[in-house]
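S.K.: Coordinates for the following, if possible.
(2 chains)
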Protein chains: 2
Amino acid sequence: MPIERAGRLSELAFIERLRALPGGDRDVELGIGDDCAIVRAGGRRLLLTTDALVEDVHFRWRWDGPAGIGRRAFAVNASDIAAMGGTPRFALLSLVAPKRVATSELSRLVRGFAAAARASGCALVGGNLSSGARWMISVTLVGEPCGMPLRRSGARAGDLVYVSGQLGAAALAREILLGRRRGRASETAAFLRPTARLELGAALARARAATAAIDVSDGLLQDLGHLCRASGVGAVVEAERLPYASVLRRLPRRERLELALNGGEDYELIFTVRGQRAERIPSLPRVPVTAIGRIVPGSGLRVRAASGEALPVEVRGFDHFRR
Amino acid sequence: MPIERAGRLSELAFIERLRALPGGDRDVELGIGDDCAIVRAGGRRLLLTTDALVEDVHFRWRWDGPAGIGRRAFAVNASDIAAMGGTPRFALLSLVAPKRVATSELSRLVRGFAAAARASGCALVGGNLSSGARWMISVTLVGEPCGMPLRRSGARAGDLVYVSGQLGAAALAREILLGRRRGRASETAAFLRPTARLELGAALARARAATAAIDVSDGLLQDLGHLCRASGVGAVVEAERLPYASVLRRLPRRERLELALNGGEDYELIFTVRGQRAERIPSLPRVPVTAIGRIVPGSGLRVRAASGEALPVEVRGFDHFRR
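M.R.: Predicted structure coming up:
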């Protein structure tokens, strides 16, 4: 979710326009509109993804040290590779840095990024630097799929909807960082130190367990909505099954629900599984997965209370040009 | 060359720092420091490059229509693929746009970019959009080498130094656009509509004609200097052999020389050739190449007048963090 929200242009509308461009390249298996593009080079599939973090839109410079910001820039991009069931192999880093920045700060950012990449088997192979008013950290990753890539578009009515890890802690952390809520410094780590679910994504792709997948960057409902639209289906989410982060316990139920459903920045994976394939879901230490609902025919998302009544939840999330 | 020049940090120093990062990935054949990285995926070589155009640093928004700015963003990046003797295959576009921007302007920029890419056999497969104070157009290209990739590092003493096309017109055009010189609107095309020398680069790689290559983005002397440092050699350039753009004829000799040597933005190719291989240089219609000097032992660049005397030319060029 953005720090500032104003403007005329929707990133979603932008992506739709990109999708409408002429295609026709037989080496492009999947173009714009999923977490990664799938292309063929030399007969082998590659995953390609790019995303940018803009200072004061996506983060504030003083929220973390430069190395931490670099690590986070890698993680949020690697999450797109995870959502396709791939492994990141090569990274390119395009930086715009304010002129006041000391060389040592820039170096720490790059070293943090490169170290995080290396820890995931990914090499930083290209970079460029420009000056500008604010930081802009644009990352491109080249990944290799582990098995058949996971797309957003394979979910069918009856599939179960799963999410990894816990939800809402990153959004709460952002609120604390923005000074909108009180909290402990340790509680900000959920925002500042996300983990891309690379192991889970790869295991799902290898096991052919999932019919569709996406990562939670904008918010559970918005991202599940993307998956549903790409698949031509709807979904029902059971509110009481959501894996709320434990730090949300102190909050009123309404706020907890809002952070878990619309907070974003969790970088967990949402994936859908046919009923008979549930046993194929890989069991990974320290990566819990939770069934939170079901794919239904039609379109749209509903969030249901334990009583069965539909909760009036608005789908919101990160689109910093729209609000 | 930048529009504004100030700051503490050198992009060259930044690249040096990136190069110093731990490597060790056997699929990275050539890491940071050349026009592209060379990596291996699925046993095949790929070329990877990223570069960004920042508003008011590299261009001004009102200098051209959005489609033209998009086309130029592709061309200046494709030039890095050309310098390695490759062909661009897949493009990713990371945009920061000011909030005032109309959707139609953004669409025209992206369509201009995608059309230029398509005309070179390259598909736009990924993009993202953020809001920011100024335009930032960050491009990543994935290319495939045509034959053995051309590097900066293969030049040896005795090699001839060639440059394609003509020099100085783009720098003159930028001066006109900045209002620093008078000129006709038609003379600004050399800056606004550069052409990446993809055909020449590919032909050089296929013919194994060149020992080293680089494109002229920062300025002939600065870029030849990069090539020489990477190769551990020096070079002598013969001033009277330089292929001055015809629009420079009206200028005093001193200014003409300055624009051709230090102006930059030409996006021509500099390449070096062993004497006995000169006959292998591909002869392409509409792509003249000119021998402008010779590689010599040692280091450093000298520019020599017809009389043989060394001209006191300063190596300058684009490094917008340093000046």
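
S.K.: got the end-to-end distance for stretch A:90-103?
M.R.: The straight-line separation of the ends of stretch A:90-103 (Cα to Cα, to the nearest Å) is 24 Å.

S.K.: Please apply the same query to stretch A:191-208.
M.R.: 30 Å.

S.K.: OK, contacts around A:Ala305?
M.R.: Contacts for A:Ala305 (Cβ atoms under 8 Å, 6 or more residues apart in numbering or on different chains) come out as A:Ala239, A:Glu240, A:Leu311. Where C-beta positions appear, they are placed from N, C-alpha and C, glycine not excepted.

S.K.: Just give the nearest non-adjacent residue to A:Phe90, would you?
M.R.: The spatial neighbour of A:Phe90 that comes closest, neighbours along the chain excluded (Cβ to Cβ, 6 or more residues apart in numbering or on different chains), is A:Val142 at 4.2 Å.

S.K.: Please apply the same query to A:Val54.
M.R.: B:Ser130 is the one closest to A:Val54 (Cβ to Cβ, 6+ apart), at 4.6 Å.

S.K.: Centroid-wise, who is the farthest residue in chain A?
M.R.: The C-alpha centroid of chain A is most remote from A:Arg100, which lies 31.2 Å away (Cα atoms, centre = their mean).

S.K.: got the buried residues for the helix or strand where the residue nearest to A:Val54 lies?
M.R.: Per DSSP states H and E, B:Ser130 falls inside strand B:123-131. Within strand B:123-131, the residues that count as buried by 16 or more other Cβ atoms under 10 Å in any protein chain shown are B:Ala123, B:Leu124, B:Val125, B:Gly126, B:Gly127, B:Asn128, B:Leu129, B:Ser130, B:Ser131.

S.K.: Same question for stretch A:264-276.
M.R.: A:Gly264, A:Glu265, A:Asp266, A:Tyr267, A:Glu268, A:Leu269, A:Ile270, A:Phe271, A:Thr272, A:Val273, A:Arg274.

S.K.: Span of that stretch from start to end?
M.R.: 30 Å.

S.K.: and the strand holding B:Ser130, how far from the chain's centre?
M.R.: Computed by Cα atoms, centre = their mean, to the nearest Å, the separation of strand B:123-131 from the middle of its chain amounts to 23 Å.

S.K.: Put together TSV for the buried residues of stretch A:264-276, with distance to A:Thr50 and secondary structure on each row.
M.R.: Shown next, in TSV, are the buried residues of stretch A:264-276 (distance: Cβ to Cβ, whole Å; DSSP: H, G, I helix; E, B strand; the rest coil):
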residue	distance to A:Thr50	secondary structure
A:Gly264	19	coil
A:Glu265	18	coil
A:Asp266	21	coil
A:Tyr267	17	coil
A:Glu268	21	coil
A:Leu269	20	strand
A:Ile270	21	strand
A:Phe271	23	strand
A:Thr272	26	strand
A:Val273	29	strand
A:Arg274	32	coil
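
S.K.: Report the two of those residues separated the most.
M.R.: The span of the buried residues of stretch A:264-276, defined through Cβ to Cβ, is set by A:Glu265 and A:Arg274 at 29.4 Å.

S.K.: Domains in chain A, by residue range?
M.R.: A:11-145, A:160-311 (automatic domain parsing).

S.K.: hmm, the one helix or strand A:Ala75 maps to touching chain B?
M.R.: For A:Ala75, the host element (DSSP H and E) is helix A:66-83. No: on the criterion Cβ under 8 Å from any Cβ of the partner chain, helix A:66-83 is out of touch with chain B, staying 9.4 Å away.

S.K.: what ranges do the strands span in the stretch 1-150 of chain A?
M.R.: Listed in chain order, the strands of the stretch 1-150 of chain A (DSSP state E, counting those that start in this stretch) span A:28-30, A:37-41, A:44-54, A:86-97, A:123-131, A:136-145.
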